[in-house]
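Q: Have a look; sequence and predicted model below, questions after that.
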Amino acid sequence: MAKESREMVWMQCASCGDLNYRTEIKVAGGVQKIELKKFCPRERTHQMHKIKRK
């Protein structure tokens with residue numbers, strides 16, 4: 001079975017701009033706009049994180 005095409009992306013905090021998390025997403029069919037509420041170590045609260053491609 002063939003593997004899906006996947007890409008590594010960073011999750012960037014919307015308020016401070018830090019790149020806190022790294023995750024894999026599927027690239028087939030276009031890139032999704034993912035926003036997750038994750039913990040930001042700099043601000044010590046849960047903030048919205050968006051995809052940042054390098």
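A: Nice, I can see it.

Q: Now for the residue nearest in space to the middle of the chain: which residues touch it?
A: Taking Cα atoms, centre = their mean, the centroid of the chain lies closest to Met11, which sits 3.0 Å from it. Met11 makes contact with 19-23, 36, 38, 49-52 under the criterion Cβ atoms under 8 Å, 6 or more residues apart in numbering. C-betas here are computed from N, CA, C, even on glycine.

Q: which one of those residues is nearest Lys3?
A: Using Cβ to Cβ, Thr23 comes nearest to Lys3 of those, at 17.1 Å.

Q: What's the first helix or strand after the helix or strand harbouring the closest one?
A: Per DSSP states H and E, Thr23 falls inside strand 19-26. Downstream of strand 19-26, the first helix or strand assigned by DSSP H and E is strand 35-40.

Q: ok so, going back, quickly run through the sheet partners of the strand holding Thr23, with directions.
A: strand 6-13 (antiparallel) (DSSP bridges).

Q: average pLDDT for the strand it pairs with?
A: Across strand 6-13, the average pLDDT comes to 93.

Q: Next: stretch 28-47.
A: Mean predicted lDDT for stretch 28-47 stands at 90.

Q: Okay, buried residues for it please.
A: 40, 47 (16 or more other Cβ atoms under 10 Å).

Q: measure that stretch end to end?
A: 28 Å (Cα to Cα, to the nearest Å).

Q: circling back: now the contacts of Met11: which count as buried?
A: 20, 49, 51.

Q: Kindly state the pLDDT recorded for the last one?
A: Per-residue pLDDT puts Ile51 at 94.

Q: same thing with the first one?
A: According to the prediction, Asn20 has pLDDT 93.

Q: Verify the stated contact: it with Cys13.
A: Yes: judged on Cβ atoms under 8 Å, Asn20 makes contact with Cys13 at a distance of 5.9 Å.

Q: Determine the residues that are contacts of both of these two.
A: Common contacts of Asn20 and Cys13 (Cβ under 8 Å, 6+ apart): 38, 40, 49.

Q: any idea which element the last one lies in?
A: Counting by DSSP H and E, the secondary-structure element that holds His49 is strand 45-52.

Q: For that strand, which helices and strands make contact with it?
A: Helices and strands touching strand 45-52, by 3 or more Cβ pairs under 8 Å, 6 or more residues apart in numbering; DSSP states H and E, are strand 6-13, strand 19-26, strand 35-40.
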